[in-house]
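**Q** using only what follows, build the 3D model:
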Amino acid sequence: MTDLSAKDLERAKFAFSIYDFEGKEVVDAFYLGDVLRALGCTPTLKLVEKMGGTKKKNEKQLKVDEFLPIFSQVKKDKDVGNIDDYTECLKLYDKQSNGLMHLAELNHVLQSLGEKLDKSEAEEILKDCADPEDEEGFFPYAPFLKRLMAGPFPDTD
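**A** I've put the predicted structure just below:
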């Protein structure tokens, strides 16, 4: 079975049920990454595919007893970055060590490295998370990372 706590089992079954659109106790494997992300995991597209996710709808169905071990394994994955890791990466583009980088460079990075974003995805993230650039095209990257890592529903403390 899995080594999930009772609370994690309940959360996983609830999230699974949300993506069970037809009430047949199965989820299209196309939505595997969405279910995992709804549970707070951060799997890459490659990991989702490795775990049985599909790129097209209606290719494969998952039952909850097939999903729970996947969730358990992905939940254990600690190979995700944190804000300090991302700050160190963006410091490579901070040529004057003043906390600023070119907005165009970040846009390029988002569209060309790692899991590449398309132009509209990159523009949406920059619009939502980045401060306006100055007259020379620079912006502070630390506030950008804080907003990005907070996600779409940051705490309002």
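
**Q** switch to C-alpha atoms for all contacts and neighbour counts from now on
**A** Will do.

**Q** can you pull the contacts of Lys75?
**A** Lys75 sits next to Cys41 when contact means CA atoms under 8 Å, 6 or more residues apart in numbering.

**Q** which element is encountered next along the chain beyond the host helix or strand of it?
**A** When elements are assigned from DSSP states H and E, Lys75 belongs to helix 64-76. As assigned by DSSP H and E, the chain's next helix or strand after helix 64-76 is helix 83-91.

**Q** okay, buried residues for that following helix please.
**A** Neighbour counts over helix 83-91 (16 or more other CA atoms under 10 Å) mark 87, 90-91 as buried.

**Q** check stretch 28-46 too.
**A** 28-36, 39, 41-43.

**Q** now that stretch: how far from the chain's centre is it?
**A** 9 Å (CA atoms, centre = their mean, to the nearest Å).

**Q** hmm, who's touching that stretch?
**A** Here stretch 28-46 has contacts from 11-12, 15-16, 19-20, 48, 52-62, 71, 74-75, 80, 115, using CA under 8 Å, 6+ apart.

**Q** can I get that stretch in PDB, CA atoms only?
**A** Presented in PDB, the C-alpha positions along stretch 28-46 are these (Å, rounded to 0.1, in the frame of the first residue of the first chain):
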ATOM      1  CA  ASP A  28      -7.900  10.600 -16.700                       C
ATOM      2  CA  ALA A  29      -4.100  10.300 -16.500                       C
ATOM      3  CA  PHE A  30      -4.000  13.500 -18.400                       C
ATOM      4  CA  TYR A  31      -4.900  15.300 -15.100                       C
ATOM      5  CA  LEU A  32      -2.300  13.400 -12.900                       C
ATOM      6  CA  GLY A  33      -0.100  16.500 -12.600                       C
ATOM      7  CA  ASP A  34      -3.000  18.700 -11.800                       C
ATOM      8  CA  VAL A  35      -4.200  16.400  -9.000                       C
ATOM      9  CA  LEU A  36      -0.600  16.200  -7.600                       C
ATOM     10  CA  ARG A  37      -0.200  20.000  -7.700                       C
ATOM     11  CA  ALA A  38      -3.600  20.400  -6.000                       C
ATOM     12  CA  LEU A  39      -2.100  18.400  -3.200                       C
ATOM     13  CA  GLY A  40       0.900  20.800  -2.900                       C
ATOM     14  CA  CYS A  41       3.400  18.700  -4.800                       C
ATOM     15  CA  THR A  42       5.600  20.300  -7.500                       C
ATOM     16  CA  PRO A  43       6.200  17.600 -10.100                       C
ATOM     17  CA  THR A  44       7.900  18.400 -13.300                       C
ATOM     18  CA  LEU A  45       6.200  17.500 -16.600                       C
ATOM     19  CA  LYS A  46       8.800  14.800 -17.000                       C
END
